[in-house]
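Enquirer: Provide a 3D model corresponding to the input given below.
(one chain, ligands or ions: 2)
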Amino acid sequence: MNKILTIESSYEEAEKNSKKLVKNSGFKNQKILVKPNLLCPTPPEAVATTHPSIVKGVVEYLIDKGCDVYLGDSSAGQDSLNVLLKKTKIKNALKKLDVTFVEVDKYPAIELQLQGFIKDQTMPISKIVNEVDGIISLPKYKVHMLTGFTGATKNFYGLAPRLVKKEFHAKYINPAKFSTMIVDLALSIMKKVPTFYVMDSIWGMEGEGPKGGTKKEINMLIAGKNPFQVDNFAIGMVNPKFKVFTNEIAQKLGLIQKYEVIGPKKKIKLKMSKGYKAVRLASIFPNFGILASLVGIPKVGSLCTGCQTCIKNCPVNAIHMENGKAVIDRKKCIKCFTCVEVCPVNAIKVRKRLI
Ligand code: SF4
Ligand code: SF4
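Expert: Ligands and ions are numbered 1, 2, ... in the order given. From the prediction side, this is the model:
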């Protein structure tokens, strides 16, 4: 039976505790990719990205075990890996360590055949997946406006180049279908290469995550070999239990079998995303695209600086500039909430309309 390993931890102890957990990956003398969550260029206190102490603990452990360590991700927006690593303070944490950085947006891609529910779909993802012997994923515990939760299952989406992510958001408009694609992606990567997960649940994010929500102290590290089980355990801590697309789909596919929990368990209260509640309701209708105009409206507020980052990242070109500010065309908008994630000043908020 698979094991979920948990440790109560603060960030002061996270480096030491991450090492204890990652021992269970069994990786040594191999080429290993470390995949943190580097969604956006924000400091660790913003809790949107994996904390540097966890990345450092895992990388140090792997180097001690004779591994060649690679680290890669791509942001939700336009930021280079270097900017992400600097702002998240991971670069500084790793400065004395021998790590090869992989810029997903510039690295060659391979066509990965998705396995699971979706048939006949390939997805370009970084070729580094083909070149390593294992992946250690370091997801972050955050509520997500589109999929409900961004944990271990969704963390692999960062291995797709930015333009591919944009294309897949536009292709899988219904959030339930988008989440199915996310589950299939994680499953396909797991079938290709051994994986291990250490989730940063010391400070998580509730409300309008994955970037603009509020901090939630959980004080835990959660680890395991199966991303669906890691997420299932993490979601199960929430009381009352909340429903998450990726978790439900993984259950339907039989990907969450019984697991044993070694370490402390806890119950937490978590504020759900208003956007997600609305999106979830609308997603039961086959024509989500039309109904989406009635739910969770992203709205640009007065903080907008006119930087146009949202315009560059909107998958359906639903944003334009008017008098130096971004304006969203509600009819075109598919409610993917990418603009909310990428806005550097959190100027876009989701307004609840139908729940
Ligand atoms: S809404 Fe945000 S991302 Fe869009 S132009 Fe304004 S500041 Fe930039
Ligand atoms: S306006 Fe925002 S939420 Fe709407 S489609 Fe564009 S990026 Fe997605």
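Enquirer: Am I right that residue 222 is in a helix?
Expert: No: using DSSP: H, G, I helix; E, B strand; the rest coil, the assignment for residue 222 is strand, not a helix.
Enquirer: Could you tell me the end-to-end distance of stretch 149-161?
Expert: Taking Cα to Cα, to the nearest Å, stretch 149-161 runs 21 Å from one end to the other.
Enquirer: any idea how far it is from the chain center?
Expert: Remark: stretch 149-161 is offset 4 Å from the chain centroid, using Cα atoms, centre = their mean, to the nearest Å.
Enquirer: May I see the buried residues of that stretch?
Expert: Counting neighbours by 16 or more other Cβ atoms under 10 Å, one finds that the buried residues in stretch 149-161 are 149-161. All C-beta atoms are positioned from the backbone trio N, CA, C, and that covers glycine.
Enquirer: Dump these to a markdown table, plus secondary structure.
Expert: Below are the buried residues of stretch 149-161 laid out as a markdown table (three-state DSSP):
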| residue | secondary structure |
| --- | --- |
| 149 | strand |
| 150 | strand |
| 151 | coil |
| 152 | coil |
| 153 | coil |
| 154 | helix |
| 155 | helix |
| 156 | helix |
| 157 | helix |
| 158 | helix |
| 159 | helix |
| 160 | coil |
| 161 | coil |
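Enquirer: What is the nearest of the residues you listed to residue 270?
Expert: Set against residue 270, the nearest of those by Cβ to Cβ is residue 149 (9.5 Å).
Enquirer: so who does that closest one touch?
Expert: The contact partners of residue 149, taken as Cβ atoms under 8 Å, 6 or more residues apart in numbering, are 142-143, 231, 234-235, 242, 244, 246-247.
Enquirer: again, only this time at 7 Å
Expert: The neighbours of residue 149, taking Cβ atoms under 7 Å, 6 or more residues apart in numbering as the test, are 143, 231, 235, 244, 246.
Enquirer: Residue 8 too?
Expert: By Cβ under 7 Å, 6+ apart, the neighbours of residue 8 are 219-220, 264.
Enquirer: Residue 250 now?
Expert: Contacts for residue 250 (Cβ under 7 Å, 6+ apart) come out as 153, 183, 228, 256.
Enquirer: quick one on the thing from earlier: quick one: which of the contacts of residue 149 is most hemmed in?
Expert: Within the contacts of residue 149, residue 231 tops the neighbour count with 31 neighbours, counted by other Cβ atoms under 10 Å.
Enquirer: so where does that one fall, helix or strand?
Expert: helix 227-236 (DSSP states H and E).
Enquirer: mind listing what's buried in that helix?
Expert: Counting neighbours by 16+ other Cβ under 10 Å, helix 227-236 gives 227-235 as buried.
Enquirer: Nearest to ligand 1 among the contacts of residue 149?
Expert: residue 143 (20.7 Å; Cβ to the nearest ligand atom).
Enquirer: Please verify my assumption that the closest one contacts residue 206.
Expert: Yes: using Cβ atoms under 7 Å, residue 143 is in contact with residue 206, at 5.2 Å.
Enquirer: quick revisit: and ligand 1, which of the contacts of residue 149 reach it?
Expert: Among those, not one lies near ligand 1 by Cβ under 6 Å from any ligand atom.
Enquirer: want to try TSV for these, with pLDDT as columns?
Expert: Formatted as TSV, the contacts of residue 149 follow (pLDDT from 0 to 100):
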residue	pLDDT
143	95
231	98
235	96
244	95
246	95
